[in-house]
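Undergrad: Here you go, sequence then predicted model.
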Amino acid sequence: MRQFLDFEKPVAELEDKIDELRRMSETDGINISEEVARLTEKADRQLRATYAKLTPWQKVQVARHAQRPHTLDYIRTLVTEYTPLAGDRSFAEDNAVVGGLGRFENRPVVVVGTERGDDLDTRLKHNFGMARPEGYRKVRRLVELASRFALPILSFVDTAGAFPGIEAEARGQAEAIARSTDAFLSAPVPILVTVIGEGGSGGAIALGAGDRVFMLEHSIYSVISPEGCASILWRDTTQAAAAAEAMKLTATDLRNFRLIDEIIPEPVGGAHRDPVVTIQAVGRAIATALPGLLALDPAALRAQRREKYLAMSREPAV
Amino acid sequence: MSWLTEYVRPKIRNLLGKREVPDNLWTQCSACNQMIFVKELERTLKVCPYCGHHMRALVNERLNWTFDEGSYTRIDLPKAPVDPLGFRDQKRYTDRLKENRSKTHLDEALVVAHGTITGHRAVVGVMAFEFLAGTMGAALGEGVVAAAKLAVLQQAPLILFTASGGARMQEGMISLMQMPRTTIAVQMVREAGLPYIVVMTDPTTGGVTASFAMLGDIQIAEPNALIGFAGQRVIEQTVRETLPEGFQRAEYLLQHGMLDMVVPRPEMRETLGRLIALLCHLDHPAQETPDPVPLIQAA
């Protein structure tokens, strides 16, 4: 069952009608192919028009769409011989972060990412993609492993943010995030980051500092959730749409501010309409960028990454 | 002191009727509500002589307390683009900046200076909570990078006093990107083989805690300072539990292994000097014993 967002209603109604016609033709044997074709074209036009001008708040909803492909979908499709690794070696295994060894286009890599889960069971298992300190410490472990064995790192970001809990604070959530970012910025191997859904605040930046940072067309990346921003600055959570607008959290905004490197286009109607095409597009972007990064010597690569971040926010947007 | 609290204060109250006591003479401790003579508070470095509460310090006070004889050289910090997002909530961000500049006489939420601490050279950055709650935007990030570069240039240790409400939301993702940028600043100091000491003061939260503020070679905090990543209200709403006593306070972090020490303000300068000397293989001549803040029995 396809799940529709509020603003997709007109498309949903058309597609319902098409389904209905198809069922009728099956039972009554009426030839309605012309009508179906006409409606399909109309639905297509409608979808194209809607997605051509999504507001930032609509993008927030697309980015959080339950049927959008998640990190494990990317790993399953893009990484062969995937061998999950677990644990932070000091406290626990945190399933909000997934990762391990595998091959990308036959080359051994380390892959890591935040996983939100697809249904109630997996969402609970992965804590909705909100990691605790042990999750970020596991990330750091994997980055250090990649550094030691000269393996490129593929990182997938999809999280509402770090988990805000008593235990998470007690075990050093802030320190864990800081050390993870530190590890990303120290690693002498290529790091390719893709924001595939929601890039939420510190929990995203902990996996986000890379040589190449891609964002899917309808993903978002923000310093705080629009709801959180509205609650603090507007003192009114119903102002989330206004906050989303003001915060400049779309891929286009961030590309204009030169905070990310590249936007990966999504199929018409968003990644959830065609996960396979989306994942392949991400795979191509990674495959295109990787050889140039592998050609650099480790010290130059690291220096270039740091220079990229140091140059950020020094100049106004283009 | 008791004759002061018993006799002089009521007299002033009577004279002024219902009006508040003048700020230049008396102030009230926010923790124990005792009235404190302002001159006394200057002597105790804004530590309440009744309950030991560490009141928030202004940037200039902090610099005066930290450097020898209160003598230091401030450096100009690089300018960053102003209001890159053209942000407006209920107020324009540019207006908020203007207000804070005229209110605090500071350009931004960070001041960087160099001088000596118990005779040892050091670069010191002090975050100003009084400026937009010490939030981190591009200018602050750039300031931390400048402080790190100065430390490397002078081959001196870097000491940062942190105080922050977290990210500067009005700068959106530019604010978030200061987390990796300030982390790179820490790496510069680390790679130059110089000590980086963090002193966390009340409050240090959000993206500042989750970047340069938690990456010190030595982590110090002032007593009872609020230190954490997530806000307490957010945590309460998420876990639907009452927060434990002392949660996210300096002593709690010390107990949970996140800090090396909690140091009372009057001992801070000597502690920093001693640490610099030990880490940099310098002799550390005996210091005058720091002036302890004697707790006064409230009348």
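TA: The structure has been received and is ready for your questions.

Undergrad: from here on, contacts and neighbour counts on C-alpha atoms
TA: Will do.

Undergrad: which stretches of the chain have low pLDDT?
TA: I went with chain A, as the question did not name one. Along chain A, the model assigns pLDDT under 70 to residues A:316-318.

Undergrad: Switch to chain B, please.
TA: B:1-23, B:288-294, B:297-299.

Undergrad: The same query, at a cut-off of 50, please.
TA: Applying pLDDT under 50 to chain B flags residues B:1-14, B:16-18.

Undergrad: Just want the residue of it that's nearest chain A.
TA: In chain B, the residue that lies nearest chain A is residue B:210 (4.0 Å; Cα to the nearest Cα).

Undergrad: In contact with that residue, which residues?
TA: Contact analysis of residue B:210 by Cα atoms under 8 Å, 6 or more residues apart in numbering or on different chains lists A:173, A:174, A:175, A:176, A:177, A:178, A:202, B:179, B:229.

Undergrad: How about it, nearest residue that isn't a chain neighbour?
TA: Leaving aside its sequence neighbours, residue B:210 sits nearest to residue A:174 (Cα to Cα, 6 or more residues apart in numbering or on different chains; 4.0 Å).

Undergrad: And for residue A:221?
TA: Residue A:221 sits nearest to residue A:199 (Cα to Cα, 6+ apart), 4.2 Å away.

Undergrad: Chain B contacts on the stretch 51-200 of chain A?
TA: Residues of the stretch 51-200 of chain A lying close to chain B (Cα under 8 Å from any Cα of the partner chain) are A:164-166, A:169-179, A:181-182, A:185.

Undergrad: List only buried entries from the residues you listed.
TA: Buried members of those, scored by 16 or more other Cα atoms under 10 Å in any protein chain shown, are A:164-166, A:169-179, A:181-182, A:185.

Undergrad: and the end-to-end length of stretch B:257-276?
TA: The first residue of stretch B:257-276 is 22 Å away from its last residue (Cα to Cα, to the nearest Å).

Undergrad: What are the contacting residues of that stretch?
TA: Here stretch B:257-276 makes contact (Cα under 8 Å, 6+ apart) with A:172, A:175, B:44-45, B:47, B:54, B:65-67, B:117-120, B:157, B:195, B:218-223, B:250-251, B:253-254, B:282, B:284, B:287, B:290-293.

Undergrad: redo that, cut-off 6 Å
TA: Identification of contacts with stretch B:257-276 by Cα atoms under 6 Å, 6 or more residues apart in numbering or on different chains yields B:66, B:117, B:118, B:219, B:220, B:221, B:222, B:223, B:290.

Undergrad: The helix or strand harbouring the fifth one near chain A at all?
TA: What it means is residue B:220. Element membership for residue B:220 (DSSP states H and E) is strand B:218-221. No: using Cα under 6 Å from any Cα of the partner chain, strand B:218-221 never reaches chain A; the gap is at least 11.1 Å.

Undergrad: longest strand of chain A?
TA: strand A:191-200 (DSSP state E).

Undergrad: from the chain's centre, how far out does that strand sit?
TA: The chain centre lies 4 Å from the centre of strand A:191-200; the measure is Cα atoms, centre = their mean, to the nearest Å.

Undergrad: quick check: domain ranges of chain B?
TA: With domains defined by automatic domain parsing, chain B comprises B:1-55, B:56-279.

Undergrad: so which of these is the most packed in?
TA: Most buried of the domains of chain B by mean neighbour count (mean count of other Cα atoms under 10 Å in any protein chain shown) is domain B:56-279; its value is a mean of 21.

Undergrad: measure whichever residue of chain A sits closest to chain B to residue A:134 for me?
TA: Nearest to chain B in chain A, going by Cα to the nearest Cα, is residue A:174, at a distance of 4.0 Å. Noted for residue A:174: a distance of 11 Å to residue A:134, by Cα to Cα.
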